[in-house]
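K.L.:
when you get a sec, could you give me coordinates for this:
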Amino acid sequence: MLFEEDDQPPEVLVAGATGETGRVIVRKLVLRGYNVRVLVRDLFSSTLDLLGTGVSFVKGSLDDYDSLLEATGDVDKVVCAVGSRSVEEAEAIEYEGVGNLIRAYQDSRVQYYGRAEATKLVLFNFADEGDLGKWKRVVPEEGEEGAKPPRVNFQITGPNRVAFMGHVFSKYEGMAEVRTIPSRLNLRGFSGLLLRCIGDGKNYFIVLRTGAGVREGVEYCAQIKSYKNKWGSLRIPISSFKAYDIKDHSRRRDAPELDRGDVRQMAIQFRKPVVSPEKDDGRFYLGVDYLKAYRTQEQPDFVLLSCASVTARDFSELDEKGLRAVAKDDVAAWKYMAENRLRLSGLTYCIVRPGSFTDQPGGNKAIMLEQDGDVSGAISRADVAEICVKSLLDPRACNVTFDAFESMYAPSARLPSEDVSSMLGRLRPNT
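P.N.:
Okay, here's the model as predicted:
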């Protein structure tokens with residue numbers, strides 16, 4: 001048992017509980033003392049017998065949002081181990097169904113606990129023209145070395161879209177900026193920002209300015225690379241904001257730490273690149289749909305079982321149209337799109353991509369958790385279930401995506417019975 005007698009164990013909903021891997025996950029959760037709720041399509045005795053005693057059953061379907069809203073009510077965590085039997089049903093189950101489950105879980109949290117449990121805070125939504133009025137252009141009298149001042153526009157260019165665009169004429173060190181009207185914004189309790197944008201593939205900076213920082217001549221900047229000619233969403237962890245001098249943009253390692261509770265202004269900047277700036281034409285375009293903040297969580301809210309084929313295929317360069325074309329013959333593409341839905345939801349996630357399943361007993365072979373995508377292999381269902389269960393209470397499993405497979409010889413491999421947390425600790429977050 002993981003929990004003391006006086007502890008209140010978390011309530012975990014398992015979707016895909018009647019599948020081969022899902023049943024192992026359920027058994028491990030029960031043995032560890034969790035309160036387990038399983039989502040089933042019917043309450044026939046043949047279904048209930050698959051999972052035995054020690055769990056509560058809730059009837060629902062991935063294509064029925066209302067049933068999922070009821071199923072996720074007062075649930076602390078979700079483990080999703082659903083799988084389609086064919087590529088024909090993959091969209092309905094792997095993508096739309098998982099998306100319905102994510103949305104229902106988010107909505108039920110707000111319904112049961114109020115807005116304090118909402119996973120995201122909308123900072124600026126440019127479907128609302130009022131939010132556009134909270135920003136202003138910064139236009140210097142002249143550019144660097146006497147060049148023309150940059151041309152800067154910040155305007156509505158389509159439904160739900162505002163564009164930061166223009167031209168920096170300086171040859172070497174030019175910059176353009178739009179910033180918010182000064183006001184106080186408390187980001188305590190939030191882990192980062194979520195920016196939905198479309199661009200030209202160039203680098204931009206998101207800037208946070210605090211009262212104390214401005215007094216010290218410091219601003220906090222995070223560099224992002226825009227999506228070229230396609231919409232995408234970028235997670236920008238607060239930890240990625242570094243202190244820079246407001247005047248010359250040099251790194252300020254002596255600056256105080258960013259005070260999340262004292263953000264007075266936000267800005268978006270385009271700067272000429274440091275390397276070979278003369279080769280950049282100075283033109284820039286960044287379209288923005290919204291800017292949100294996502295909350296800090298100490299443990300994953302949602303564990304999603306995906307597959308290592310997603311890593312092997314590398315869908316990252318495809319837009320939605322390209323993904324849907326590939327998905328007609330490839331279930332992994334639907335799984336990849338479901339992963340992205342979870343990443344963009346604001347929920348704290350853990351995405352496990354196991355290699356091909358075996359039915360061997362767990363704990364007999366060393367396993368590896370990898371993010372580089374250059375190796376893979378088989379893994380037992382029992383070991384995958386162990387990883388999922390151990391991830392639920394591990395802070396190092398927050399916002400990570402990784403492959404899991406057996407490895408007999410790798411020096412960094414571990415038996416699943418050993419501390420999985422040590423392997424999770426080596427993974428890059430926000431992946």
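
K.L.:
from now on I want contacts and neighbour counts done on CA atoms only, so please keep to that.
P.N.:
Will do.

K.L.:
give me the neighbour count for Glu278.
P.N.:
Using other C-alpha atoms under 10 Å, the number of residues around Glu278 comes to 14.

K.L.:
my bad, should have said Ala382
P.N.:
24.

K.L.:
surely it and Gly22 touch.
P.N.:
No: counting by C-alpha atoms under 8 Å, Ala382 does not reach Gly22; the two are 9.9 Å apart.

K.L.:
partners of the longest strand seen in the chain in the sheet?
P.N.:
For the chain, the strand that runs over the most residues, judged by DSSP state E, is strand 283-295. Paired neighbours of strand 283-295 in the sheet (DSSP bridges): strand 120-125 (antiparallel), strand 161-167 (antiparallel), strand 190-199 (antiparallel).

K.L.:
immediately after it, which helix or strand?
P.N.:
strand 302-305 (DSSP states H and E).

K.L.:
and that next one, how far out from the chain middle?
P.N.:
From the chain centre to the centre of strand 302-305 is a distance of 12 Å (C-alpha atoms, centre = their mean, to the nearest Å).

K.L.:
which strands or helices does that strand pack on?
P.N.:
On a contact count with 3 or more C-alpha pairs under 8 Å, 6 or more residues apart in numbering; DSSP states H and E, strand 302-305 meets strand 77-80, strand 349-354.

K.L.:
show me what counts as buried in the next helix-or-strand element following it.
P.N.:
Per DSSP H and E, the first helix or strand lying C-terminal to strand 302-305 is helix 309-313. Residues of helix 309-313 classed as buried by neighbour count (16 or more other C-alpha atoms under 10 Å): 309-311.

K.L.:
contacts for the helix ranked longest in the chain?
P.N.:
Counting by DSSP state H, the longest helix found in the chain is helix 98-113. Residues from elsewhere that reach helix 98-113, judged by C-alpha atoms under 8 Å, 6 or more residues apart in numbering: 62-66, 68-70, 72-74, 80, 116-119, 338, 341-342, 345, 347.

K.L.:
and these, which of them are buried?
P.N.:
Here, 16+ other C-alpha under 10 Å leaves 62-63, 65, 68-70, 72-74, 80, 118-119, 338, 341-342, 345, 347 buried among those.

K.L.:
out of those, which are inside helices?
P.N.:
Filtering these for helices - DSSP H - leaves 65, 68-70, 338, 341-342.

K.L.:
pLDDT weak spots in the stretch 51-200 of the chain?
P.N.:
Within the stretch 51-200 of the chain, the stretches with pLDDT under 70 are 112-119, 140-147.

K.L.:
now do the contacts for the spatially most central residue of the chain.
P.N.:
Compute the mean C-alpha point of the chain, and by C-alpha atoms, centre = their mean the closest residue is Arg343, 2.8 Å away. Residues in contact with Arg343, defined by C-alpha under 8 Å, 6+ apart, are 349, 399.

K.L.:
I figured Lys134 hits Phe154, correct?
P.N.:
No: counting by C-alpha under 8 Å, Phe154 is not a contact partner of Lys134; they are 11.3 Å apart.

K.L.:
compare those two (neighbour count), which wins?
P.N.:
Phe154 (19 against 13).

K.L.:
helix or strand: which one has the more buried one?
P.N.:
Per DSSP H and E: strand 151-158 holds Phe154.

K.L.:
next, the angle from that strand to strand 161-167.
P.N.:
150 degrees (axes from the mean of the first three to the mean of the last three C-alpha atoms, to 10 degrees).

K.L.:
same question for strand 151-158: list its buried residues.
P.N.:
In strand 151-158, the ones that count as buried by 16+ other C-alpha under 10 Å are 151-156.

K.L.:
again, but for stretch 423-431
P.N.:
423-424, 427-430.

K.L.:
which among the residues you listed gets closest to Met368?
P.N.:
Met423 (7.7 Å; C-alpha to C-alpha).

K.L.:
sec struct for that closest one, please.
P.N.:
Of the three states, Met423 takes helix under DSSP: H, G, I helix; E, B strand; the rest coil.

K.L.:
so what's it closest to, chain neighbours aside?
P.N.:
Nearest residue to Met423, sequence neighbours excluded (C-alpha to C-alpha, 6 or more residues apart in numbering): Leu369, at 6.5 Å.

K.L.:
try Ala293
P.N.:
Nearest to Ala293 is Leu193, by C-alpha to C-alpha, 6+ apart, at 4.3 Å.

K.L.:
which residues does that neighbour contact?
P.N.:
Leu193 neighbours (C-alpha under 8 Å, 6+ apart): 235-238, 291-294.

K.L.:
the same query, at a cut-off of 6 Å, please.
P.N.:
235-236, 292-293 (C-alpha atoms under 6 Å, 6 or more residues apart in numbering).

K.L.:
dump the C-alpha coordinates for stretch 53-72 into CSV.
P.N.:
Output of stretch 53-72 as CSV, limited to C-alpha atoms (Å, rounded to 0.1, in the frame of the first residue of the first chain):
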residue,chain,number,x,y,z
THR,A,53,-13.6,-6.5,-7.2
GLY,A,54,-12.0,-3.4,-5.6
VAL,A,55,-13.1,-0.9,-8.3
SER,A,56,-16.2,1.2,-9.0
PHE,A,57,-17.8,1.1,-12.5
VAL,A,58,-19.1,4.0,-14.4
LYS,A,59,-20.9,3.6,-17.7
GLY,A,60,-19.9,5.9,-20.5
SER,A,61,-18.6,6.1,-24.0
LEU,A,62,-15.8,8.2,-25.6
ASP,A,63,-18.2,9.5,-28.2
ASP,A,64,-20.6,10.7,-25.5
TYR,A,65,-19.3,13.9,-23.8
ASP,A,66,-22.1,14.0,-21.2
SER,A,67,-21.4,10.5,-20.0
LEU,A,68,-17.7,11.4,-19.7
LEU,A,69,-18.5,14.6,-17.8
GLU,A,70,-20.3,12.4,-15.3
ALA,A,71,-17.5,9.8,-15.3
THR,A,72,-14.8,12.3,-14.5
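
K.L.:
give me the contacts around that stretch.
P.N.:
36-42, 97, 100, 104-105, 108.
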